[in-house]
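Engineer: Provided below are the primary sequence and the corresponding predicted coordinates.
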Amino acid sequence: MKRAPLGLALIAAAFVVVSCDENLPSGPNTFTVTQTIVSTGDTLVINQARLVDAKVTDAQGNVINGLHYRWASADTNIIGLTIPAGVDSTGGQRRLVAKRPGRSIVTLSLPDPRFVTSSATRTVTAVVAGVRVLSSHDSTLTSVNDTARAVATSLVRTSDTDPNLVNRASQGVRWVHLGDKTTIVGTGDTIRYIARANGVDTLIATHDFCLAGAKCADTVLARVSQQLLLTLSSRTFQQWSFADTVGPTITLADRRGNGLAGTSIRFVPRTAADSAIVKIGPNVGTSNPINGSMSAPRVITAGNGTARVSVLGIAPDGFTIAATDSITVIVRQVARRVAAEPLRAIETRVDSVPVRLVARDARGAPIADATVDVVAAGLTLNGIYAVPVLAATSPGTLTPNLTGVALPANNPAAPQIPVVVDVGMIAFIPADTVVAGGIANQRSTSTTVLDSLGAPAAGKYVRYYINGLGGLDSTQVALDGTATVNWTPPNIAGTYTLTGVRSTTPLNTLGDSAGRIVMRHTVVVKNDVAFAATSSLAVGATVMTQGATMTISLALRDQFGNPVLSLTPPANLTLTATGAGGTIGALTCSAFTGICTATYTAPAAAGVEVISAKIGGVEILLSPVNVTIN
């Protein structure tokens, strides 16, 4: 029998010894003791084991040995209890083994009823030695709804005897999701993240039971960067007219068909030459960020040839190019009409009208490289000018004929629609002569005005010009296509031509308005009769010697100041010399200058001669004149 230390035996001499294996003093049947689980720590890495001992002390702090114990773990799946080799199943030593992360309460109790005590407990924590991400730490999803996996593992000890760490699945990895660009599906070691919007989310693999000081978190950067693709309904267009509007239906979406809000489409002709063939119009339609259908510009044909146009998908920032493609536009005008313009005009027989032989496409645009000749009747063509044949009856006609590249037959892919031939007709009126006389000489001139399709140009305007005098007011074309102007020739003698121009652009020269001049009405204004108040008298000298001669000049003018052009002096003109007895010879008049002259011969005696000129009995300017004879 073991013996208690001397101190214990002296103090507790009344207790009775009941077992040879226990060092209990003799005395009462029960006594109070304290139980303690002795351990070097309460944290174990998975697969790590640790020995713990039971310790029982009496009220004086003396250790009591040789007792029988009962051990328990609240969760043996977390902390297992094993009996070390050589230790009795009821002994005071156990081996704790960490199995899964978590906490378990290990309980030590004394089943012996002699002891008044409470069970001893320790909370033991099983932890992993770290967390590691096994999948990519930085991944990029290129389409909305793309899915990727993030895989993490826990680090545990290889065994109790081998401290090296190995990966072990299903140890309670927890993921923290920071951001809203992805959606997370699943829990545990492996999760899926699904792209929802462009941007970057952070996924953190961590653990609630991880060894202090270990790497207890690892990070995945989940990037969403849509790779947008341009899908064009067509990449090649062939058009037969200018001002046609063409363009493909465009989708800008990722490979799963998802669009991106804020994106836009831009068309850019590749070269200056391409820009001469096509122009870029405004956007048409609306964009739908759900399916990527896009509002897009349209290409407007403007020249013959082949144009390449870049199609750019622009990111929401407004300048980054997210995707590119291109379209090709082939333009070859094909004629629908051929005409000798103006289709209708009027001119006096002394005039000419510049004409334009033109082929037009389906939208009325002129075809610059069309080959057009003409058959004229009742007039001749002097270059671009239609000149009346004086013996011809009115009107003259110009019948155009189209050959060459603009014919539909020479473009088999184009609509084979017969070309409409518009014959030009020019009416002739006689030359007009009037005597200066103001409003009494007003003229009214009318012509028919047709548009490029041969229809009355109702509502359009004709602008009028008179040579040397500038522009007049415009007139509006009536419903039947008639344009009428009332105009009064000037009172200054001369030749005046009223020119009417369809008013798309002002008249600079006749040539640059070919095809737009619809009226050429020439009026010759002649002088009125001689008028005393505007005519004048001039003499060669006012002092003469006896028997000498001089010239008397009369400048004859009408009431408007126009020279009176005639070889014959007016019947109501009188020229007289009185006083000294000199003589005046016959008057001679010029039809070019309006000047009449006569010779005055002085008498053989001294005196004063009064020379007088009158029209209708009224002295003209500077009349009479006194001439002294010495």
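Structural biologist: Thanks, I have the structure now.

Engineer: Can you report how many residues neighbour Lys55?
Structural biologist: When counting by other Cβ atoms under 10 Å, one arrives at 16 neighbours for Lys55. C-betas here are computed from N, CA, C, even on glycine.

Engineer: and the nearest residue to it once chain neighbours are set aside, what does it touch?
Structural biologist: Spatial nearest neighbour of Lys55, chain neighbours left out: Thr36 (4.3 Å); criterion: Cβ to Cβ, 6 or more residues apart in numbering. Contacts for Thr36 were tallied using Cβ atoms under 8 Å, 6 or more residues apart in numbering; they are Ala54, Lys55, Val56, Thr57, Leu108, Ala120.

Engineer: secondary structure class for Thr36?
Structural biologist: strand (DSSP: H, G, I helix; E, B strand; the rest coil).

Engineer: Near Leu390, how many other residues are there?
Structural biologist: Look at Leu390: counted by other Cβ under 10 Å, it has 8 neighbours.

Engineer: now do Ile78
Structural biologist: Ile78 has 22 nearby residues by other Cβ under 10 Å.

Engineer: same thing with the one 5 residues further on?
Structural biologist: Here the count is done by other Cβ under 10 Å, and Ile83 has 14 residues near it.

Engineer: And for it, nearest residue in space, chain neighbours not counted?
Structural biologist: Nearest to Ile83 is Ser89, by Cβ to Cβ, 6+ apart, at 5.9 Å.

Engineer: Ok, Phe237 next?
Structural biologist: Of all residues not flanking Phe237 in the chain, Val246 sits nearest, at 4.5 Å (Cβ to Cβ, 6+ apart).

Engineer: and that neighbour, what is it in contact with?
Structural biologist: Contacts for Val246 (Cβ under 8 Å, 6+ apart) come out as Phe237, Gln239, Arg298, Val299, Thr301, Val329.

Engineer: Quick check: Ile439 is in a helix.
Structural biologist: Yes. Membership of Ile439 in a helix is supported by three-state DSSP.

Engineer: Where do the strands of the stretch 201-350 of the chain begin and end?
Structural biologist: For the stretch 201-350 of the chain, the strands defined by DSSP state E, counting those that start in this stretch occupy 217-224, 229-232, 236-239, 245-246, 250-253, 264-269, 278-280, 299-301, 305-314, 321-331, 337-341, 344-348.

Engineer: about what we covered before: apply the buried test to the contacts of Thr36 and list what passes.
Structural biologist: For those, a burial check counting by 16 or more other Cβ atoms under 10 Å picks out Ala54, Lys55, Val56, Leu108, Ala120.

Engineer: Restricted to strands, list the residues you listed.
Structural biologist: Ala54, Lys55, Val56, Leu108, Ala120 (DSSP state E).

Engineer: rewinding a little: I'd like to know how many residues surround the residue nearest to Ile83.
Structural biologist: By other Cβ under 10 Å, neighbour count at Ser89 equals 8.

Engineer: can I get the strands of the stretch 201-350 of the chain in CSV with distance to Thr628 and mean pLDDT?
Structural biologist: Output for the strands of the stretch 201-350 of the chain, formatted as CSV (distance: least, Cβ to Cβ, whole Å; pLDDT from 0 to 100):
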stretch, distance to Thr628, mean pLDDT
strand 217-224, 120, 98
strand 229-232, 106, 97
strand 236-239, 93, 98
strand 245-246, 92, 97
strand 250-253, 104, 98
strand 264-269, 91, 98
strand 278-280, 86, 98
strand 299-301, 88, 98
strand 305-314, 89, 98
strand 321-331, 90, 97
strand 337-341, 72, 96
strand 344-348, 56, 94
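
Engineer: In a markdown table: those strands, plus distance to Tyr461.
Structural biologist: Putting those into a markdown table (distance: least, Cβ to Cβ, whole Å) gives the following:
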| stretch | distance to Tyr461 |
| --- | --- |
| strand 217-224 | 62 |
| strand 229-232 | 44 |
| strand 236-239 | 32 |
| strand 245-246 | 28 |
| strand 250-253 | 42 |
| strand 264-269 | 36 |
| strand 278-280 | 28 |
| strand 299-301 | 27 |
| strand 305-314 | 35 |
| strand 321-331 | 32 |
| strand 337-341 | 17 |
| strand 344-348 | 16 |
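
Engineer: which one is Ile280 nearest to, not counting chain neighbours?
Structural biologist: Counting by Cβ to Cβ, 6+ apart, Ile280 lies nearest to Phe267, which is 4.8 Å off, once chain neighbours are set aside.

Engineer: let me fix that: Leu622
Structural biologist: Leu537 (4.7 Å).

Engineer: sec struct for the one you found, please.
Structural biologist: Three-state call for Leu537 (three-state DSSP): strand.

Engineer: does Tyr461 have beta-bridge partners, and which?
Structural biologist: Counting by DSSP bridges, Tyr461 is bridged to Gln476.

Engineer: Around it, how many other residues sit close by?
Structural biologist: 16.

Engineer: shouldn't Val375 be in contact with Thr399?
Structural biologist: Yes. Using Cβ atoms under 8 Å, Val375 is in contact with Thr399, at 4.5 Å.

Engineer: Show the low-confidence segments of the stretch 1-150 of the chain, by residue range.
Structural biologist: 1-28 (pLDDT under 70).

Engineer: can you give me the strands for it?
Structural biologist: Secondary structure of the stretch 1-150 of the chain (DSSP E, counting those that start in this stretch): strands at 31-38, 43-45, 49-58, 70-73, 79-82, 93-98, 102-109, 115-116, 120-127, 131-133, 138-141, 147-157.

Engineer: of all the ones you listed, which lies closest to Thr231?
Structural biologist: Ranking these by their distance to Thr231 (criterion: Cβ to Cβ) puts strand 138-141 first, at 20.3 Å.
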